[in-house]
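Got a predicted structure here, sequence first:
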Amino acid sequence: MVVRGRMAAALGAVLVGAGLAVPAPAQAAVSRAQLALRWAPIHYQDVDTTGSHALGGRSDYLTRVDFDGDLNGRNNWDNAGRSGVSFAAHAYYSVVETASHWYITYLFFHPRDWIDHPFFESEHENDGEGLTLAIERDGSDYGVLRAAVTVAHGNFFSYTPAGSTWTSGRETVDGALRMQSSPHDAFPHPVTAQERGGHGLKAYPQYSINGDGVVYYPSTTAETPAHADDRDVRYALIDIFAPGGLWAQRGNDSLFAHLGTFAGDTSGGCGVGTFSCGTNSANAPWGWDDGNDLPARGEIATDPAALAAQYFTVPGALARSYTHNPYAAAATQLEEAAKTAPRVVD
């Protein structure tokens, strides 16, 4: 038994060192971090290298909100063009649980929402788009993926994978959620994609790579694209609720202009040669909102069971009470802020 335990520990060390997801031992509960890693998307990011605002493609690379070494949202546009800042790939996640489902939200961050022409479209500092997955708790370690809702600017889009029992509800399902095997672990993952520049996010191939692009794979390792057409880059996940993390910073007025909206200004050349530059124009998950739909601002992350009940017809039980919801501690604050916060269309 000691030898077998040592062999298992050695295998785990090898897998972690290779950036592979380590399966949970038999009968052991899967952690929320493992759950988020298992279902994290394989992500197709279109990249444009045209014009000075593209920074040779770096403006379309995924990174952290503190890629420049600080938590000041108002210098991210400026610092994205400086040498020495990090474009190591990361995404943020949170896990909310009911008795019947897990809901995993992922945030993909870019320091610039940019364009390369002077007509009609605006650009702005910071960009936060993402998605929420609904996973049925069926007794297996990782459950069964039933649906996704993605964020593309000020609109939500819903998808279901092949074989899902979920169908259209108040909102019509917008398409199929493809699955793809990863070369970095043993799991099939949902496949998502973001457009270049504005970074709206949908299920692949509703957005796809047109020319240059980066394909990001979930991992425990954060890699930086070698160039604008790198098709195998691993990204690491960051818990939104980590100590000192994104949620803990929600009252930091250097990072957030108001609850759920990143602070951003017009310094550093944002809007120069284009139609305009917006201020305070990007959202964290608790600020995501589709103004044409019934769920309130932020509920895609903070009350995803309510969103699921609106967007889909779900056979069987869909529990609405949470067994784990770290957003709930600030539920009243979020509800009050949602009533007065200006609507931000990212």
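Nice, I can see it.

measure the residue positioned nearest the centre of the chain to Tyr93 for me?
Central residue of the chain (Cα atoms, centre = their mean): Leu107, 2.3 Å from the mean position. Distance of Leu107 to Tyr93, given as Cβ to Cβ, to the nearest Å: 7 Å. From N, CA and C alone the C-beta is placed, and that goes for glycine too.

list the residues that contact both of those two?
Shared contacts of Leu107 and Tyr93 (Cβ atoms under 8 Å, 6 or more residues apart in numbering): Ile240.

for Glu171, helix, strand, or coil?
The three-state assignment at Glu171 reads coil, by DSSP: H, G, I helix; E, B strand; the rest coil.

what's the closest non-adjacent residue to it?
Nearest in space to Glu171, with sequence neighbours left out and distances taken as Cβ to Cβ, 6 or more residues apart in numbering, is Tyr311 at 4.7 Å.

hang on, that neighbour packs against Val149?
Yes. Between Tyr311 and Val149 a contact is recorded at 6.2 Å, counting by Cβ atoms under 8 Å.

hey, what's in contact with both of those two?
Both Tyr311 and Val149 are in contact with Phe156, Ser158, where contact means Cβ under 8 Å, 6+ apart.

In stretch 316-335, which residues are buried?
Under the neighbour-count criterion of 16 or more other Cβ atoms under 10 Å, stretch 316-335 has Leu318, Tyr322, Asn325, Pro326, Tyr327, Ala330, Leu334 buried.

again but with stretch 114-134, I slipped
For stretch 114-134, the neighbour count (16+ other Cβ under 10 Å) marks 114-116, 122-134 as buried.

Any idea how far apart the tips of it sit?
Stretch 114-134 has its terminal residues 31 Å apart, counting by Cα to Cα, to the nearest Å.

start at 141 instead
In the new count, where the first residue is 141, that last one comes out as stretch 254-274.

hang on, the earlier thing: how far does the helix or strand the residue nearest to the centre of the chain falls within sit from its chain's centre?
For Leu247, the host element (DSSP states H and E) is strand 241-253. The chain centre lies 2 Å from the centre of strand 241-253; the measure is Cα atoms, centre = their mean, to the nearest Å.

Which strands or helices does that strand pack on?
For strand 241-253, the packing partners by 3 or more Cβ pairs under 8 Å, 6 or more residues apart in numbering; DSSP states H and E come out as helix 172-179, helix 216-220, strand 230-238, strand 263-276, helix 444-451.

and it with helix 444-451, angle?
Here strand 241-253 runs at an angle of 90 degrees relative to helix 444-451 (axes from the mean of the first three to the mean of the last three Cα atoms, to 10 degrees).

what's the angle from strand 241-253 to helix 172-179?
Angle between the axes of strand 241-253 and helix 172-179 is 70 degrees (criterion: the same axes, to 10 degrees).

and strand 241-253, what's its mean pLDDT?
On average, the pLDDT along strand 241-253 is 98.

now the angle from it to strand 230-238?
Using the same axes, to 10 degrees, strand 241-253 lies at 150 degrees relative to strand 230-238.

do you know how far the spatially closest residue to Phe297 that is not a sequence neighbour is from Ser407?
Excluding the flanking residues, the one nearest Phe297 by Cβ to Cβ, 6+ apart is Asp314, at 4.4 Å. For Asp314, the distance to Ser407 (Cβ to Cβ) stands at 37 Å.

Which one's more surrounded, the two?
Each of Asp314 and Ser407 has its neighbours counted (other Cβ atoms under 10 Å); Asp314 has more, 20 against 12.

Quick check, pLDDT for the more buried one.
Value for Asp314, per-residue pLDDT: 98.

For it, give me phi and psi.
phi -90, psi -10 (degrees, to the nearest 10).

Where is pLDDT lowest across the buried residues of stretch 456-475?
Leu474 (67).

Show me which positions of stretch 406-416 end up buried.
Per 16+ other Cβ under 10 Å, stretch 406-416 contains these buried residues: Thr406, Gly408, Cys410, Gly411, Thr414.

measure the nearest residue to the fourth one once chain neighbours are set aside to His264 for me?
Read it as Gly411. Distances taken as Cβ to Cβ, 6+ apart place Cys417 nearest to Gly411, at 2.7 Å, with adjacent residues excluded. From Cys417 across to His264, the span is 6 Å (Cβ to Cβ).

try Tyr233
For Tyr233, the distance to His264 (Cβ to Cβ) stands at 24 Å.

For beta bridges, what are the partners of Val235?
Beta-bridge partners for Val235, by DSSP bridges, are Ile244.

Around it, how many other residues sit close by?
Neighbours around Val235, by other Cβ under 10 Å: 22.

now Gly309
Other residues within reach of Gly309, judged by other Cβ under 10 Å, total 16.

so what's it up against?
The contact partners of Gly309, taken as Cβ under 8 Å, 6+ apart, are Ala449, Gln450, Tyr451, Phe452, Thr453, Val454.
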